[in-house]
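> Need a 3D model of the sequence below.
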Amino acid sequence: MHVKIFLPILFGLILCQLIAETVSFGIRDTSDEMPERPAVFKSKKELIDYIKRVNEYYGKVGRPRFGKRNYPLFGSKFNQQYRDSNEWNFN
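Purely as a prediction, here's the structure:
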């Protein structure tokens, strides 16, 4: 009986996730691109604006990203040593 309720809900959630990923894939943030450098800066203001955009670009690209390690969640030796140790035992 619970399966009759669970399967449509699960299917609906998966469908919503696929739609959300498809929609978000089409949205592109152009601020992550390096600003195009003009051959000649025609004014001081143009140079200052370019330097500000480059600074913003490197501020986004160069920020530290925490938690982006390449450790698989299950079955890795790295995780196994912590599962077996008392350090992570919160009982």
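> what's the neighbour count on residue 21?
Applying other Cβ atoms under 10 Å, we find 9 residues neighbouring residue 21. C-beta here means a position set from N, CA and C on the backbone, and glycine is covered the same way.
> max-length helix in this protein?
Longest helix in the chain, counting residues (DSSP state H): helix 2-26.
> right, and the helix or strand after that helix?
Per DSSP states H and E, helix 2-26 leads on to helix 44-61 as the next helix or strand towards the C-terminus.
> Enumerate the positions of that following helix that are buried.
For helix 44-61, burial by neighbour count (16 or more other Cβ atoms under 10 Å) applies to residue 53.
> Which strands or helices does that helix pack on?
Packed against helix 44-61 by the contact rule (3 or more Cβ pairs under 8 Å, 6 or more residues apart in numbering; DSSP states H and E) you find no helix or strand.
> just to revisit the earlier point, buried ones in the longest helix of the chain?
Buried residues in helix 2-26, defined by neighbour count with 16+ other Cβ under 10 Å: none.
> And the average pLDDT for it is what?
Helix 2-26 comes out with an average pLDDT of 81.
> helices or strands next to it in the packing?
Packing partners of helix 2-26 (3+ Cβ pairs under 8 Å, 6+ apart): none among the helices and strands.
> who's in contact with it?
Contact with helix 2-26 is made by no outside residue, as judged by Cβ atoms under 8 Å, 6 or more residues apart in numbering.
> same thing with stretch 47-63?
For stretch 47-63, the external contacting residues (Cβ under 8 Å, 6+ apart) are 31, 32, 33, 34, 35, 37, 38, 41.
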